[in-house]
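Student: got a predicted structure here, sequence first:
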Amino acid sequence: MIRENLIAVRKTVPSQVRIIAVSKTKPVSDLQEAYDAGQRVFGENKAQEMRDKHAVLPQDIEWHFIGHLQTNKIKYIAGYVSLIHSIDSLPLLVEVDKEAAKHDRVLDCLLQFHIATEETKFGLDMQEAEALLQSPEYKALQHVRLVGVMGMATNTDDQDMIRQEFRTLREIKERLALSYFKGHPEFKEISMGMSGDYPIAIEEGATLVRIGSAIFGARNYAV
């Protein structure tokens, strides 16, 4: 069903929006099936799981890290990850820079913002983001590049609330682009929207949507 699911999802996503197949907890065989159906971008939220899958799957896969990243796990992904979606502190960004330097890479990253009502979700607020961007430590980094923002909406059936949260993230991105990233066209990404709400996210300006269950089926919580 994975091929059929991918075909169905692609019909609902405009060409300028990239689909990240969220493959966390899914076996390598599922990822291979999606790959064989033409999918090349996959998202994982555990560094060691990503490392193990990267080792056995085709090398032209573009890996995105979408989960909460612990500093002691960066080493497992720094050599090959294409985009880290979940930068939520300056110390984390500093550590990513250190690990990227070991591989002589510049790693693209997104600033994660807390836009939901749930306290359990991670992310910066605007004041914290501006403090990060104004800090001498950030300005000294040479092996990371901020290319946009990421956020997760509240887990609710209230579509108006979800839409407003996504709109807030887009406005944050636009504000940062004007204030801190003039002349940096690479600061363009808005990662928002999952299987249940990605159509709203696209309407509100998402450039990256993180789709798991609509492609792979329900998550396997036993893994």
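Tutor: Noted; the coordinates are in hand.
Student: can you pull the contacts of the residue nearest to the spatial centre of the chain?
Tutor: The centre of the chain sits closest to His85, judged by CA atoms, centre = their mean, with a distance of 3.3 Å. Contacts here follow CB atoms under 8 Å, 6 or more residues apart in numbering; on that basis His85 touches 43, 64-66, 109-110, 112, 150, 191, 208, 210. (Each C-beta comes from the backbone N, C-alpha and C, glycine too.)
Student: what's the longest helix belonging to the chain packed up against?
Tutor: In terms of residue count, the longest helix belonging to the chain (DSSP state H) is helix 159-180. Counting contacts by 3 or more CB pairs under 8 Å, 6 or more residues apart in numbering; DSSP states H and E, helix 159-180 is packed against strand 107-113, helix 126-134, strand 144-151, strand 189-191, helix 198-203.
Student: can you add mean pLDDT, mean neighbour count and distance to Ser15 and give the ones you listed back as JSON lines?
Tutor: JSON lines is the format used below for the helices and strands packed on helix 159-180 (pLDDT from 0 to 100; neighbours: other CB atoms under 10 Å; distance: least, CB to CB, whole Å):
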{"stretch": "strand 107-113", "mean pLDDT": "98", "mean neighbour count": "25", "distance to Ser15": "21"}
{"stretch": "helix 126-134", "mean pLDDT": "98", "mean neighbour count": "15", "distance to Ser15": "30"}
{"stretch": "strand 144-151", "mean pLDDT": "98", "mean neighbour count": "23", "distance to Ser15": "18"}
{"stretch": "strand 189-191", "mean pLDDT": "98", "mean neighbour count": "24", "distance to Ser15": "16"}
{"stretch": "helix 198-203", "mean pLDDT": "98", "mean neighbour count": "19", "distance to Ser15": "11"}
